[in-house]
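S.K.: Here is my input, please return the structure:
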Amino acid sequence: MELINGNHPLVKLAELIDWSVFEREWAPLFPSGRGRPATPSRLVAGLLYLQHTFACSDEALIWTWLENPYWQHFCGGIYFQHEPPIDPSSLSRWRKRIGEAGVEWLLTVTIEPARKAKVIKAASVEKVVVDTTVMEKAIAYPTDSRLLERGRQHLVKLADRLGIKLRQNYNRQAPRLAGQVGRYAHAKQYKRMRATLKKLRTLLGRVWRDIDRQRSTVASEQAAQVESILARVRRLLEQKPKDKNKLYSLHAPEVECVAKGKARQPYEFGVKVTVATTHREGLVVGMRSLPGNPFDGHTLAEALEQVEILTEQKPKTVFVDKGYQGAEVPGVKVWRSGLRRGVTRRLKQDIKRRSAIEPMIGHMKNEGLPRRNWLRGSLGDALHAVLCGAGHNLRMILRKLQLLRAQILALLEILSAFPATSKNQPASVGFAT
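M.R.: Numbers count the residues shown, from 1 in each chain. Sure, this is the predicted structure:
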């Protein structure tokens, strides 16, 4: 492709990545030899890399790829193309097909280019830092009035779709009550607010019982869908304010409420994610979703196991915060922050550097896509977490390649400023100290 500069960071990065891994590891996912051939694995891997490196949606990714020759070269293009390579919906089907194990190869392949680009050293994996964060789901803030109203809307749409005739759908009364709840809460009239919520819950229960009585008339192929919606609304009706496993979203029932102790944001709604980075450089060597909101200390062994699988090297030392109290892993030395006695000065500096993972997580959320996950279900949480780690690694490699290119250009500019020497006299360049 003659449109591109061979010294561009994306061109150099494409040369560092071993693309044959995806052709070898993803080939068993397409066992059938009939029909249209599958999309080239390098194209899909390159698109997923670019999406999480530059924080694009599926649609924006395809149309930016169409305009950017460097993106096309990164994905294996030889000639500049004027038509989209795939439909954006194909990325969703690819993610489901390759699964979490297939996506982990995308994170694994970014570690070796980081070594080649001298972002990390060969011994960097021996010391890692492990921490947890929350990857929020794409849901609205869950209030009782909104959840009850959304549950009623889901049931009314379900009845219309199945041809079920309701005694009353409360399309005019229920939205007015839901809005009134917010006004009473703003005015601190909590007695009236609770009474309105109780009435809104009663209306939802009436619609739910009306559909439940007529569910026997539904066709068998639609029975599973009806059962799923009715089960979620019933869970919403029966849950109490102090329950642990509450329903926070009807379209994403896997969402959990996680409290991380932040003053500005006491509660986050999504899934807990464990992040493992190298101690000095901050390269992601492990990232995995943790459904069920487990205790941090119980997740350390699983996080280190993933690091060993991805890097083919077991860490010797791991640095964690105080949330991992009591966590121990056989064969690995665990150091927690806050230790003062019995440690050397060098070890105290290493323990202090544990906090470097916090800005790394912040960079991931601000420059990547972990701040809001749009993928569906628990599988979407697992895939999104690993892909965000791969995108963070590629951004680090690109910054290193950009810095190297800038240094070379600056050196050439300095050399070009000296006058040309004669052929017989050798050039001598001195630098001031």
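
S.K.: what's the nearest residue to Val334 if we skip its chain neighbours?
M.R.: Once flanking residues are discounted, Val334 sits nearest to Val318: 5.5 Å by Cβ to Cβ, 6 or more residues apart in numbering. Just so you know, the C-beta spots here come from the backbone N, C-alpha and C atoms, and that holds for glycine as well.

S.K.: what about the one you found, is that helix, strand or coil?
M.R.: The three-state label given to Val318 by DSSP: H, G, I helix; E, B strand; the rest coil is strand.

S.K.: What distance do you get for the closest residue to Arg192 other than its chain neighbours to Arg354?
M.R.: Among residues not flanking Arg192 along the chain, Tyr184 sits closest, at 4.7 Å (Cβ to Cβ, 6+ apart). Going from Tyr184 to Arg354 by Cβ to Cβ, to the nearest Å gives 47 Å.

S.K.: check contacts around Lys118.
M.R.: Counting by Cβ atoms under 8 Å, 6 or more residues apart in numbering, Lys118 touches Lys400.

S.K.: quick one, phi psi at it?
M.R.: phi 60, psi 30 (degrees, to the nearest 10).

S.K.: before we move on, what about Trp19?
M.R.: The phi/psi pair for Trp19 (degrees, to the nearest 10) is phi -70, psi -20.

S.K.: tally of neighbours for it?
M.R.: For Trp19, the number of neighbouring residues by other Cβ atoms under 10 Å comes to 16.

S.K.: same question, Arg176
M.R.: Counted with other Cβ under 10 Å, Arg176 comes out at 11.

S.K.: next one: Val130
M.R.: Look at Val130: counted by other Cβ under 10 Å, it has 26 neighbours.

S.K.: got it, and Leu158?
M.R.: Neighbours of Leu158 (other Cβ under 10 Å): 19.

S.K.: Ser216 versus that one, what's the distance?
M.R.: To Ser216, Leu158 is 15 Å away according to Cβ to Cβ.

S.K.: coming back round to it: element containing the residue nearest to Arg192?
M.R.: Using DSSP states H and E, Tyr184 sits within helix 173-186.

S.K.: other SSEs contacting that helix?
M.R.: helix 144-162, helix 190-213 (3 or more Cβ pairs under 8 Å, 6 or more residues apart in numbering; DSSP states H and E).

S.K.: excluding its backbone neighbours, what's nearest Glu112?
M.R.: Nearest in space to Glu112, with sequence neighbours left out and distances taken as Cβ to Cβ, 6+ apart, is Asp18 at 6.7 Å.

S.K.: right, and the one you found touches Thr110 too?
M.R.: No - if you go by Cβ atoms under 8 Å, Asp18 and Thr110 don't touch, sitting 10.4 Å apart.

S.K.: quick one: which of these two has more around it?
M.R.: Thr110 (27 against 11).

S.K.: residues contacting that one?
M.R.: So Thr110 contacts Ile17, Ala390, Asn393, Leu394, Ile397 (Cβ under 8 Å, 6+ apart).

S.K.: Next one: the third one relative to Leu197, how far apart?
M.R.: Using Cβ to Cβ, we find Asn393 at a distance of 47 Å from Leu197.

S.K.: Among those two, which residue is more densely surrounded?
M.R.: Using other Cβ under 10 Å, the more surrounded residue of Asn393 and Leu197 is Asn393, with 27 against 20.

S.K.: so who does the more buried one touch?
M.R.: Asn393 touches Leu107, Thr110, Ile111, Ala114, Leu283, Val284, counting by Cβ under 8 Å, 6+ apart.

S.K.: Repeat the analysis, applying 7 Å as the threshold.
M.R.: Thr110, Ala114, Leu283, Val284 (Cβ atoms under 7 Å, 6 or more residues apart in numbering).

S.K.: ok, now how distant is it from Pro113?
M.R.: 8 Å.

S.K.: again, but for Glu358
M.R.: Distance from Glu358 to Pro113, counting by Cβ to Cβ: 25 Å.

S.K.: ok, those two, which is more surrounded?
M.R.: Pro113 (20 against 13).

S.K.: Got the phi and psi for the nearest residue to that one once chain neighbours are set aside?
M.R.: Ranked by Cβ to Cβ, 6+ apart and with sequence neighbours excluded, the top spatial neighbour of Pro113 is Leu16, at 3.8 Å. Dihedral pair for Leu16: phi -80, psi -30, per degrees, to the nearest 10.

S.K.: For Leu16, grab the count of nearby residues.
M.R.: 16.

S.K.: what does the one 10 residues further on give?
M.R.: Using other Cβ under 10 Å, Trp26 is surrounded by 18 other residues.

S.K.: Next, the contact list for the closest residue to it other than its chain neighbours, please.
M.R.: Distances taken as Cβ to Cβ, 6+ apart place Ser41 nearest to Trp26, at 5.0 Å, with adjacent residues excluded. Contact analysis of Ser41 by Cβ under 7 Å, 6+ apart lists Phe22, Glu23, Trp26.

S.K.: May I have the residues that are in contact with the second one?
M.R.: Contact analysis of Glu23 by Cβ under 7 Å, 6+ apart lists Ser41.

S.K.: buried ones in the helix or strand hosting it?
M.R.: Using DSSP H and E, Glu23 sits within helix 20-25. For helix 20-25, the neighbour count (16 or more other Cβ atoms under 10 Å) marks Val21, Phe22, Glu25 as buried.

S.K.: can you list the residues you listed in JSON lines and add distance to Leu203 and pLDDT?
M.R.: Putting the buried residues of helix 20-25 into JSON lines (distance: Cβ to Cβ, whole Å; pLDDT from 0 to 100) gives the following:
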{"residue": "Val21", "distance to Leu203": "56", "pLDDT": "93"}
{"residue": "Phe22", "distance to Leu203": "53", "pLDDT": "93"}
{"residue": "Glu25", "distance to Leu203": "53", "pLDDT": "91"}
